[in-house]
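Chemist: Make a model of this:
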Amino acid sequence: MVQALDGGLQPQEPSLECDHRQQNAQQWSDEEEEYGGNDAAVAVDASTLDTHQHEVPSAEARRPSPRPEEPPLNRRRVEIEEEVDVEAGGLPRRPWIEDFPGPAAATFGTAETSSHTFFKKIDQLPGGMAGWTLEVFEAEGDMVGEDGKPKKERVELWKRDAVECVRELMGNPSFRDSLRYTPERQYADAEGKTRIFSNMMTGNWWWDMKVPEDATVAPIILASDKTTLSRMSGDKSAWPVYLTIGNIDKEVRRKPSAHATVLLGYLPVAKLDCFSEKRRALEGYRLFHKCMHALMKPLFEAGTTGVLMTCADGQVRRVYPILAAYIADHPEQALVAACQENYCPKCPVEPNKRGEPVYSCLKDPGRVTEVLRKVSEGGEKPPEFSDWGLRAVEPFWDGLPHADIFNALTPDILHQLHKGVFKDHLVSWATKAIEGGEAEIDRRFKAMFRHSDLRHFRNGISLVSQWTGTEYKGMEKVFLGVVAGAGDERVTRAVRAVLDFIYYAHFETHTDETLHGLHRAWRGYHEYKDVFVELEIREHFNFPKGHSTEHYELSIRSVGTADGYSTEHPERLHIDFAKLAYGASNKQSSYTKQMTRWLDRQEAVSRFARYLDWATATRPGVGMSSSTLSCSGVSTLSTLSSIARARPSAPRADSDACSTPAASLPADSGEDKDDPSDDSQWRLGYRIAKVPPFPSLSITQLVNDFGAIHFAWCLTDYLLKRSVGDPVRIKHAMTQIGSATRVAVYKQCKVRIPAMRQVSTSPLVDIIHASPSHPGPSPLTTIPAYMSTILARDPAVVGIAAAPMVFDVKNPLHGKTSHALAALRRRPSHLHITRHPRGARPRYFRVTEGIRRKGLGSDRTSRICRVVHTLQYC
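Modeler: This next block holds a predicted model:
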């Protein structure tokens, strides 16, 4: 701060670097008078001064000297406002503080908050029953090293005790309500003629198991799949083996967040460079079976004598852990079955007969092991060895009590149906069978109607190089509508049969009738597949994934529906048990050991979180629940580790339970969420916005903007029909509806689809759209209209208040007409929506638009039925 004394400051001669201009003497004199002369004292902020230093001149020097005339400068008055340091209540904002005279609050250093200290705390948490052990194998090859000795390679097998893993799953209180200890047979009728198949407990395998009467069977479900760990570059891989039990309901078992599947071990991924290229593949097979035998070793005794276990309900039972199912893709199924990949891993069918609808029984494990034992002893190879395409290995399942490995190999919907039969084969065949090929298929995909639950391939499918399971399913929903009417009728029928089979295979609950439908679809494919041979597209159908469809019905009757054994679940587990664990390691040679340590800590934190949930269940708001320990998409240990590394002095909001930015959390809009299971939200069967987006549209606007050219006539006709016998309604119905009549219009309506156990155990929500075209975000863009195609009951056929009709599979559209929806208008409160008894979903009928030009027959309704019958179970 610089004070101006005796009339102000006399500035020094400004330098050339400054923007300040020179002031003449008269201007300085005027300023003295303006600011009060010699007695004025003005405090000037240093930020308003020149960057150069200024000296206070003497009285003589302060006298202005004559200078040349310069143009006047624009000056402004500087006003200084003093902030009041007193609150409205009279207390100072910053009170005066007197320090305590004596020593107080002494410090003794900074607390340790390193990751090492944090992990030491995590390691003190109670661990699981199954710990990690290392078993080392040494392979001596047929290649000779530089020292003249055979080359050797050491491989590591990290494993857990399978019996202890089963014990932990059986005794987990989280699964108390979802565990089943005995098999059961379910029926759809009181007479017991129609079986129902769903979970493993409803299948024949568990029912026919020969164990002591007081025994409790724990059906073991294994899954294995090799996966890569390195990103962009590197050759690091992992081969995890997962274990779960069939006692747990599949709805819980399939959820990664439920932790109903545990990691049993890491198989070694060895290069086996010590063997010659000719023997390397066979030795890899042998190494796999040797390691799997080490993993299954605890089950040999436990499956014979049983093990006492404390179950989730607090009861002690004698449990027999028995291998019941093995989830794997086709190459790994061949590896498990000890056969070549061009042979069926389940049955002894000849490779050149896999494309025909032959009925072949499953392989006998006893005969297969006998043949392999003779080969291992060095004797003459039996003819079955080459007929069944076996490999000279010692199978790990030899001697497992009550285990039938060929019956345990379950269907693989993802690789066998979606990727194999459909994408790799059927789509390619149908594309070549249609005139125009890929260009015509792409054009038809682009022309498909849009819907919120349908994938719209706006660029076609020919340019897509990498597909996912979701994209396969999206293509299957509309593929029949794409090919219908574009080529030979037999091509369409073959496509329909394959899609019918895929959707039947997806059923979460089967009956004898739906299994007969699955079998009919399989027969239909074989009936019409010869058209591709006639069109010179295929020469034969001897590929393993096509033959695997023969075993689906038998497998479902044995161990339950195929959705409980999809390979999508193990591939999802790779993220938690392999990729995240590898990312937490130093990615060096000992990364597998570090991955097991990281997984132990993850499971310890998760187990402790579940304990907190249980301990605080009756005392809400007390303690820390698992929701505090785990945020969406963030691993539990990573979240806690980030909290531990935070500085103690860093401010932290009380409401921030997770280290997740507030911007990433969804804002509470205040609106009710669409919960299909909440009946109070769906009293009317549908939901619309509280306020219509178009509160007052004239009939003319409906015609011009929405294309509802017959709206006025249809509304008048509807009101007249609803007013028969009611004088009050007739009076209102006679009101003339003209072009100036205004109505409230909605853009969308949400309809609850009743639950179908075959598709889902909970109701679904379908959205009907009626949005006109409107300008886009940029001035030159226009968002096209979005109108749904719906089905409506014809009152002339069934009547408005008629009871729901019995669904007819052969005539699914009886009493219904399809319409392209133009607008949504609030219906009168007395109109009751009659739902489809089987929950047919309106969105799938949009595909019929592409069939109306070229048909499969003379009856238009029958042509649409062929499409609807396939798509109604999507």
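Chemist: What is the biggest helix by length in the chain packed up against?
Modeler: In the chain, assigned by DSSP state H, the helix with the most residues is helix 277-305. On a contact count with 3 or more CB pairs under 8 Å, 6 or more residues apart in numbering; DSSP states H and E, helix 277-305 meets strand 133-144, strand 150-159, helix 162-170, strand 262-267, strand 316-327. Any C-beta I mention is one placed from the backbone N, CA and C, and that applies to glycine too.
Chemist: what would those look like in a markdown table with distance to Asp387 and mean pLDDT?
Modeler: What follows is the helices and strands packed on helix 277-305, written out as a markdown table (distance: least, CB to CB, whole Å; pLDDT from 0 to 100):
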| stretch | distance to Asp387 | mean pLDDT |
| --- | --- | --- |
| strand 133-144 | 28 | 89 |
| strand 150-159 | 33 | 91 |
| helix 162-170 | 34 | 94 |
| strand 262-267 | 29 | 94 |
| strand 316-327 | 23 | 95 |
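Chemist: wait, what's in contact with the residue lying closest to Pro173 once chain neighbours are set aside?
Modeler: Leaving aside its chain neighbours, Pro173 sits nearest to Ala312 (5.4 Å; criterion: CB to CB, 6 or more residues apart in numbering). Residues counted as contacts of Ala312 (CB atoms under 8 Å, 6 or more residues apart in numbering) are 170-176, 179.
Chemist: Check whether the residue nearest the centre of the chain sits in a helix, strand or coil.
Modeler: Taking CA atoms, centre = their mean, the centroid of the chain lies closest to Arg572, which sits 8.7 Å from it. Following DSSP: H, G, I helix; E, B strand; the rest coil, we place Arg572 in the helix state.
Chemist: Burial check on the closest residue to it other than its chain neighbours, number of neighbours?
Modeler: Residue nearest to Arg572 in three dimensions, not counting chain neighbours: Pro256, with 5.8 Å by CB to CB, 6+ apart. By the criterion of other CB atoms under 10 Å, Pro256 has 13 neighbours.
Chemist: Pretty sure Pro256 sits against Phe577.
Modeler: No. Using CB atoms under 8 Å, Pro256 is not in contact with Phe577; the gap is 9.6 Å.
Chemist: Could you pick out the buried ones from the contacts of Ala312?
Modeler: The neighbour count (16 or more other CB atoms under 10 Å) marks 170-172, 174-175, 179 as buried among these.
Chemist: Spatially, which two of the residues you listed are the most separated?
Modeler: Greatest spacing in these, by CB to CB: Met170 and Ser174 (11.8 Å).
Chemist: sorry, back to before: can you name the two of the contacts of Ala312 that are farthest apart?
Modeler: Pairwise distances across the contacts of Ala312 (CB to CB) peak at 11.8 Å, for the pair Met170 and Ser174.
Chemist: May I see the buried residues of stretch 287-300?
Modeler: Judged by neighbour count using 16+ other CB under 10 Å, the buried positions of stretch 287-300 are 287-296, 298-299.
Chemist: Stretch 210-228 too?
Modeler: Neighbour-count burial for stretch 210-228 flags 211, 216-227 (criterion: 16+ other CB under 10 Å).
Chemist: Check stretch 380-389 too.
Modeler: 382, 384-385, 388-389.
Chemist: circling back: dump the buried ones among the contacts of Ala312 to CSV, plus distance to Arg458.
Modeler: Compiled in CSV, those are given as follows (distance: CB to CB, whole Å):
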residue, distance to Arg458
Met170, 50
Gly171, 52
Asn172, 47
Ser174, 44
Phe175, 44
Leu179, 47
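Chemist: And the strands in the stretch 401-550 of the chain?
Modeler: Taking DSSP state E, counting those that start in this stretch as the criterion, the stretch 401-550 of the chain contains strands spanning 510-511.
Chemist: neighbours of Glu440, just the number please.
Modeler: Other residues within reach of Glu440, judged by other CB under 10 Å, total 17.
Chemist: What values do phi and psi take at the nearest residue in space to Gly487 that is not next to it in sequence?
Modeler: In space, and not counting its chain neighbours, Gly487 is closest to Ile434: 4.5 Å by CB to CB, 6+ apart. Note on Ile434: backbone dihedrals following degrees, to the nearest 10 are phi -100, psi 140.
Chemist: ditto for Ala260
Modeler: phi -90, psi 0.
Chemist: For Ile245, see how far away it is.
Modeler: 8 Å (CB to CB, to the nearest Å).
Chemist: now swap in His516 and tell me
Modeler: 31 Å.
Chemist: Give me the number of neighbouring residues for Leu780.
Modeler: Leu780 has 6 nearby residues by other CB under 10 Å.
Chemist: Name the helix or strand for it, please.
Modeler: If you go by DSSP states H and E, Leu780 is not part of any helix or strand.
Chemist: ok, back up a step: do you know the pLDDT at the residue nearest to Arg572?
Modeler: With respect to pLDDT, Pro256 scores 89.
Chemist: just Ala617 next, same as before
Modeler: The model's pLDDT for Ala617 equals 71.
Chemist: what secondary structure does it sit in?
Modeler: Going by three-state DSSP, the secondary structure assigned to Ala617 is coil.
Chemist: and it, how far is that from Met170?
Modeler: Using CB to CB, we find Ala617 at a distance of 21 Å from Met170.
Chemist: ditto for Val745
Modeler: Remark: distance between Val745 and Met170 (CB to CB) = 58 Å.
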